[in-house]
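K.L.:
can't give you the sequence, but here's the structure:
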């Protein structure tokens, strides 16, 4: 059986204004001890999951690349020692362009990381500053070109739209710039103001100049029409890739595959259970050092919840729900559970159906939540 | 017990002036219940009554009291409902008595509702004993209140009882005054039986239990009785009196108050105001004053969850067991699905029923805007009664529409007279009369459409007079008005449950207000939703709910699905509270919005 690993690095040089993920600036002094704790967790879990072959690894954050080459190397070595790694492994690390140099990239490459995901967000320096990024567009271009030289073939970058003061032209230029770089994959997200963030506070004070709903929608349409023209096909609501470069790890989230989270606040899905580690970094370290499990929440999913999640997660992907897979997994008939809503959603032109799949239309992708919540059973 | 030692009386009082507390003290003082058995306000049995401080169903209790002359008296207290909706029930309770205590708060003075009930008592020739209550309050002005009673009602208050039920002052004086002043019943023991029904309740084992006052003759178990208005016959299985629990006795004699049971299954057969007589030796004439039940206010009640339809029906049937004035029949709305059209005596009655359905039967309901009964005269000469705006025939078939008018009596401190008159004018009221009750308080009378009263007159009256105004009204007549049906169209389709009948001159304003309010309530959907207010084919107001531009959860952080799921669940919860009409999803609040517009 295959398994994905997610490894969380909760450190950042500076917290971005829109970010509500568990990542922290100004706790650099904890990095070494955190890595020590993380390695202990990796070693312990490796023993438990020894029967599994790890075929995707995703080191995310935070900013994993704020760690030194030495610490990164330690983590990688620990993983290789603890788990059975597939020769076909897709091993991704998130990269902030302002935190890498040739040495660090080389270390990663030589130790087995074969996919980079660059947090670029925009190629407009003014906008980057406005959202709290520590890098400029020049650094992004240089880092990606450098990575190519080091040997990375499979690279992705993240872009955002709907940023304060962003114009359609800004977005158009950023996409154009992205497609000129040697990246095979682009993730593109609309900005959402989350509670507790710097942006939420600004919005409260009416000091956040977000594009209007109309412009935001036009941006969405622009993205959806442009990227395929540059050869990046949409294979999931927010993800585009050249053929064969779809992220195997991300697809695991949507396709009901097991993954194990390691590190503070990391989430796991395994044998119908969703569980996660404590998100407080110090508590995580404390627990590991005293031999207490860092696991905080564990939800055993009942068949109803499993069905619901199977559907609304699969629907995020281009291929949608695999009806036969559903029937086999639940020893049931998909249409028995969902037939009534399928018709309704079809009438609204939100979904379509072929012989084996139920999938979102373009309209359905745009109003995904409207469809997903219909798949929650009463 | 000889009839000369029987006294039957009621208490007339405004809400909060202390009726229930006085009743409690009388029960306690006469030892009818020991202190230990006393629950505060024993006569108000339902929780709702206790919470709202009002009496919904009339109740009764028999007190034994040894008078100053050393003789034993049987004193029956018949409690009356204290609200404008129940005027008829009040009048029947009063008709069962020879006297009434007029309880007035020493600090507040007379209120509109009190006045209305005093007039009812006077119509029934009752001896009225003024009681000035709450004299222990620092703000009490008993002399001023006495003067007010003399001026307004013309009662002699020289021997009014000064009391404070709360601290127990004046209770014995009240009992002595009842014995001394309330006339003994005057009926004949040998005449054929005639008894007045003033209330009833349904008992699962005994059937309907009728509360009666025997005017002539007597009732004993085994007798065959007949109710004159409904023409139903039954055999008496039990008779008894109220202590205040139902207590069986051998015979209910002339002048006495008590209950009769005889396996009567339907509460509708036992009508308040009807006369019970001996089936084998009937009286020639029924007691005067009987009236059929006339709901004045109608609204649609729909279960939020359509699977609750049968539960709603069961609940209404159960409530009807004890409330013959509640009418309901099935109704279908395109917007709201299956529900019931319900008729009520008035707004409070409607409120109480809704609350009981929600509280006692755990139902979640959508209520449509209350409507009066319109008399619609059609061009073909036919007259139809309409209590649901969506049933109004097309304009071309209508010759004219008549609507019910009331005489509204408002009592208010004179600082607010201007406000009340302005409001009443705005509500199409026609000024009738104004009278100073004392230097500070004024009684204003208006002739005003009932539909305006049930819309928001009462609320606005209360808020614009800081709660000082009191209101009473009674239906007087039907008058022709320029009325039109105001429809609300969402996405081009009329939503039947949002239609209202309004005066022509007010349609534009109401339409604008409604459209604006709905705009704030209806959430963005995948397409633009025009909201139109229309009279006939003419659109008089328009708003637009802009389309939701997109609705995507983008970033998934490190496989945290639970968080996504929670967001979706929240969204789903929101959808559940919506009713789909055509393509448009309408939240419940939208149907409530039409009830009140500020």
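P.N.:
Perfect, I can see it now. Small disclaimer: the values here were computed from a predicted structure and weren't measured.

K.L.:
the stretch 251-378 of chain A against chain B: which residues are in contact?
P.N.:
Within the stretch 251-378 of chain A, the residues that sit near chain B (Cβ under 8 Å from any Cβ of the partner chain) are A:252-253, A:259, A:261, A:265-269, A:274, A:276, A:297, A:299, A:308-309, A:312-313, A:348, A:363, A:365-370, A:372-374, A:376. (Each C-beta comes from the backbone N, C-alpha and C, glycine too.)

K.L.:
and the residues you listed, which are buried?
P.N.:
Buried subset of those (neighbour count, 16 or more other Cβ atoms under 10 Å in any protein chain shown): A:252-253, A:259, A:261, A:265-269, A:274, A:276, A:308-309, A:312-313, A:348, A:363, A:365-370, A:372-374, A:376.

K.L.:
tell me which of the residues you listed fall in strands.
P.N.:
Using DSSP state E, the members of these that fall within strands are A:259, A:261, A:267, A:268, A:269, A:274, A:276.

K.L.:
ok, of the residues you listed, which one's closest to chain B?
P.N.:
Nearest to chain B among these: residue A:267, at 4.6 Å, using Cβ to the nearest Cβ.

K.L.:
okay, and the beta partners of that closest one?
P.N.:
Residue A:267 forms beta bridges with residue A:276, as assigned by DSSP bridges.

K.L.:
and it, what is it in contact with?
P.N.:
Taking Cβ atoms under 8 Å, 6 or more residues apart in numbering or on different chains as the criterion, residue A:267 is in contact with A:6, A:261, A:274, A:275, A:276, B:558, B:559, B:560, B:561, B:562.

K.L.:
if you set the cut-off to 7 Å instead, what comes out?
P.N.:
Residue A:267 makes contact with A:261, A:274, A:276, B:558, B:559, B:560, according to Cβ atoms under 7 Å, 6 or more residues apart in numbering or on different chains.

K.L.:
the second one and residue B:559 touch, don't they?
P.N.:
No - with contact defined as Cβ atoms under 7 Å, residue A:274 does not reach residue B:559; the gap is 8.8 Å.

K.L.:
so is the residue most central in space within chain A in a helix, a strand, or just coil?
P.N.:
Closest to where the C-alpha atoms of chain A average out (Cα atoms, centre = their mean) is residue A:250, at 6.3 Å. Secondary structure, DSSP: H, G, I helix; E, B strand; the rest coil: residue A:250 is helix.

K.L.:
likewise residue B:480?
P.N.:
strand.

K.L.:
list the contacts of it.
P.N.:
Shown in contact with residue B:480 (Cβ under 7 Å, 6+ apart): B:400, B:402.

K.L.:
what's across from it in the sheet?
P.N.:
residue B:402.

K.L.:
including pLDDT and distance to residue B:360, could the contacts of residue A:267 go into CSV?
P.N.:
Shown next, in CSV, are the contacts of residue A:267 (pLDDT from 0 to 100; distance: Cβ to Cβ, whole Å):
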residue, pLDDT, distance to residue B:360
A:261, 97, 50
A:274, 95, 41
A:276, 95, 44
B:558, 75, 49
B:559, 82, 48
B:560, 88, 44
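
K.L.:
which pair of those residues spans the longest distance?
P.N.:
Greatest spacing in these, by Cβ to Cβ: A:274 and B:558 (12.2 Å).

K.L.:
which non-adjacent residue is nearest residue B:446?
P.N.:
Spatially, and ignoring its direct neighbours in sequence, residue B:446 is nearest to residue B:429 (3.8 Å; Cβ to Cβ, 6 or more residues apart in numbering or on different chains).

K.L.:
and the one you found, what pLDDT?
P.N.:
For residue B:429, the model assigns a pLDDT of 95.

K.L.:
and for residue B:206?
P.N.:
pLDDT, read off for residue B:206, is 87.

K.L.:
residues contacting it?
P.N.:
Counted by Cβ under 7 Å, 6+ apart, residue B:206 has contacts B:238, B:261.

K.L.:
all strands for the stretch 151-300 of chain B, in order.
P.N.:
B:161-162, B:194-203, B:207-216, B:224-227, B:232-235, B:238-242, B:246-249, B:257-261, B:275-278, B:297-303 (DSSP state E, counting those that start in this stretch).

K.L.:
now render those as CSV, adding distance to residue A:63 and mean neighbour count.
P.N.:
Shown next, in CSV, are the strands of the stretch 151-300 of chain B (distance: least, Cβ to Cβ, whole Å; neighbours: other Cβ atoms under 10 Å in any protein chain shown):
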stretch, distance to residue A:63, mean neighbour count
strand B:161-162, 84, 21
strand B:194-203, 74, 24
strand B:207-216, 79, 24
strand B:224-227, 88, 19
strand B:232-235, 87, 16
strand B:238-242, 81, 20
strand B:246-249, 80, 15
strand B:257-261, 83, 25
strand B:275-278, 90, 24
strand B:297-303, 54, 24
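
K.L.:
out of those strands, nearest to chain A?
P.N.:
strand B:297-303 (15.7 Å).

K.L.:
which strands and helices sit next to that closest one?
P.N.:
helix B:309-321, strand B:327-333, strand B:337-344, helix B:347-360, strand B:365-367 (3 or more Cβ pairs under 7 Å, 6 or more residues apart in numbering or on different chains; DSSP states H and E).

K.L.:
tell me the phi and psi of residue B:469?
P.N.:
phi -70, psi 140 (degrees, to the nearest 10).

K.L.:
give me the element the nearest residue in space to it that is not next to it in sequence is part of.
P.N.:
Excluding its sequence neighbours, the residue lying closest to residue B:469 (Cβ to Cβ, 6+ apart) is residue B:412, at 4.2 Å. For residue B:412, the host element (DSSP states H and E) is strand B:398-413.
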